[in-house]
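1. sequence and computational prediction follow.
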Amino acid sequence: MAFQTEYEFTLPKGYVDIDGNLHKKGVMRLATAADEILPLRDPRVQQNPSYLSIILLSRVIKKLGDLRHIDTRVIEGLFTADLSYLQEMYSRVNQLENPNYEITCPHCNENFSMPVDFLGEIEE
């Protein structure tokens, strides 16, 4: 099984560019250590720590519709529903491992732990 480093997404609302074109489909890559460390030096993050997610997303989103370049202005222009969607996706794809949930079998009442992958991959 190949190691997945890129994940496709479809924004709930979509980004509307300066010409009025709607961009909904994109690709996010896994974050690197540099993606998380270098933005901490940015004065915008030092003045407002919430800006960190804007810079992080601008670094890891490789594609959004037909846009040639994804930068902080693009991320700033997202609707809040799309920003929230991408922040949650970033957290999911960059977590160390998939969460495990305690499950109770409805037939035998036995408890067990089951990994859940919200991106649709099957763990072996």
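-> Received it, and whenever you're ready, just let me know what you need.
2. would you map the helices across the protein?
-> 33-37, 43-47, 52-60, 72-76, 80-94 (DSSP state H).
3. just those: most buried one?
-> helix 52-60 (a mean of 20; mean count of other CB atoms under 10 Å). In this view, the C-beta of every residue, glycine as well, is placed from N, C-alpha and C.
4. coming back round to it: out of the helices of the chain, which is closest to F112?
-> Closest approach to F112 among those is made by helix 80-94 (22.8 Å; CB to CB).
5. pLDDT weak spots in this protein?
-> Judged by pLDDT under 70, the chain has its weakly predicted residues at 1, 96-101, 114-124.
6. follow-up on the earlier one: what would the helices of the chain look like in JSON lines with distance to V27?
-> Shown next, in JSON lines, are these (distance: least, CB to CB, whole Å):
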{"stretch": "helix 33-37", "distance to V27": "15"}
{"stretch": "helix 43-47", "distance to V27": "24"}
{"stretch": "helix 52-60", "distance to V27": "10"}
{"stretch": "helix 72-76", "distance to V27": "14"}
{"stretch": "helix 80-94", "distance to V27": "11"}
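7. quick check: the closest residue in space to I70 that isn't next to it in sequence vs E88, distance?
-> Leaving aside its chain neighbours, I70 sits nearest to I61 (4.8 Å; criterion: CB to CB, 6 or more residues apart in numbering). With distances taken as CB to CB, to the nearest Å, I61 is found 14 Å from E88.
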